[in-house]
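Novice: what's the 3D shape of this:
(chains A and B)
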Amino acid sequence: GEDVEQSLFLSVREGDSSVINCTYTDSSSTYLYWYKQEPGAGLQLLTYIFSNMDMKQDQRLTVLLNKKDKHLSLRIADTQTGDSAIYFCAESVLQAGTALIFGKGTTLSVSS
Amino acid sequence: EPEVTQTPSHQVTQMGQEVILRCVPISNHLYFYWYRQILGQKVEFLVSFYNNEISEKSEIFDDQFSVERPDGSNFTLKIRSTKLEDSAMYFCASSEEQGKYQPQHFGDGTRLSIL
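Specialist: This is a model prediction of the structure:
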């Protein structure tokens, strides 16, 4: 079945770039999403990419998609302490209809 | 910016009791969803709802669960005869059109604790 995997933790220093990685198994994924969850808060949609794209940039965020390797990454430039949160990768799969399949989330810790 | 709101933020219930979790989706959205996240585990899809009926549901969404849109704004998840393993964070989401092509916007969640 469909599965989405992420590394669990990433620690960076303020001002550095952060790269959060995600792999997925279903090659028929249509959209891939990044959500951010701050402590005690819900899931905030950060960005998404359609599966026929290779890259999408939105201010400090860059999403790269390698369809051959089924690998998605989120790069955060000039990481700030306010970026500390859990980042979830999710995919929508045609066969699954509208359900989003989530990874377990990567906890990003930014130190000053 | 419009947002999905969920109430209550935390619900504590005795095992065996019924609980209703409430959500107000974004006003012009047509598709509504419930997800849950057991502590330390992945966010899991429960059910999607469109045009006053369930459009999809997962294996988790058995007869213990039901959803309803009782009026033009609220979307509820009812859990009957709650069990300890129902303890989780429950997220409501909504999307403007067919969910495959429109992003789902999430509420802050209701933390359900079953004692």
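
Novice: now the element after the helix or strand of chain A with the lowest mean pLDDT, going C-ward?
Specialist: In chain A, no helix or strand scores lower on mean pLDDT, DSSP states H and E than strand A:29-37, which sits at a mean of 88. Moving toward the C-terminus from strand A:29-37, the next helix or strand (DSSP states H and E) is strand A:43-50.

Novice: close to chain B, is that next one?
Specialist: Yes. Judged by C-beta under 8 Å from any C-beta of the partner chain, strand A:43-50 comes into contact with chain B through A:43-45, A:48. Just so you know, the C-beta spots here come from the backbone N, C-alpha and C atoms, and that holds for glycine as well.

Novice: could I have the CA atoms of stretch A:105-112 written out in PDB?
Specialist: Only the C-alpha atoms of stretch A:105-112 are listed here, as PDB (Å, rounded to 0.1, in the frame of the first residue of the first chain):
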ATOM      1  CA  GLY A 105       6.700  14.200  10.500                       C
ATOM      2  CA  THR A 106      10.200  15.700  10.900                       C
ATOM      3  CA  THR A 107      10.900  17.700  14.000                       C
ATOM      4  CA  LEU A 108      13.100  20.700  13.000                       C
ATOM      5  CA  SER A 109      15.000  22.300  15.900                       C
ATOM      6  CA  VAL A 110      16.700  25.700  15.200                       C
ATOM      7  CA  SER A 111      19.200  26.900  17.600                       C
ATOM      8  CA  SER A 112      20.500  30.500  17.900                       C
END
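
Novice: can you pull the buried residues of that stretch?
Specialist: By neighbour count on 16 or more other C-beta atoms under 10 Å in any protein chain shown, the buried set for stretch A:105-112 is A:105-108, A:110.

Novice: so how far is that stretch off the chain centroid?
Specialist: Taking the mean of its C-alpha atoms, stretch A:105-112 sits 13 Å from the chain's own mean (C-alpha atoms, centre = their mean, to the nearest Å).

Novice: what bridges to residue A:31?
Specialist: Under DSSP bridges, the beta-bridge partners of residue A:31 are residue A:50, residue A:92.

Novice: now do the helices in chain B.
Specialist: Ranges of helices in chain B, per DSSP state H: none exist.

Novice: residue closest to the middle of it?
Specialist: Most central in chain B under C-alpha atoms, centre = their mean is residue B:34, positioned 3.0 Å from the mean C-alpha point.

Novice: show me the contacts for that residue.
Specialist: Residues near residue B:34 by C-beta atoms under 8 Å, 6 or more residues apart in numbering or on different chains: B:21, B:23, B:46-47, B:67, B:77, B:90-93.

Novice: near chain A, which residues of chain B show up?
Specialist: So chain B meets chain A at B:4, B:6, B:31, B:33, B:35, B:41-45, B:48, B:55-56, B:58, B:91, B:93, B:95, B:98-101, B:103-109 (C-beta under 8 Å from any C-beta).
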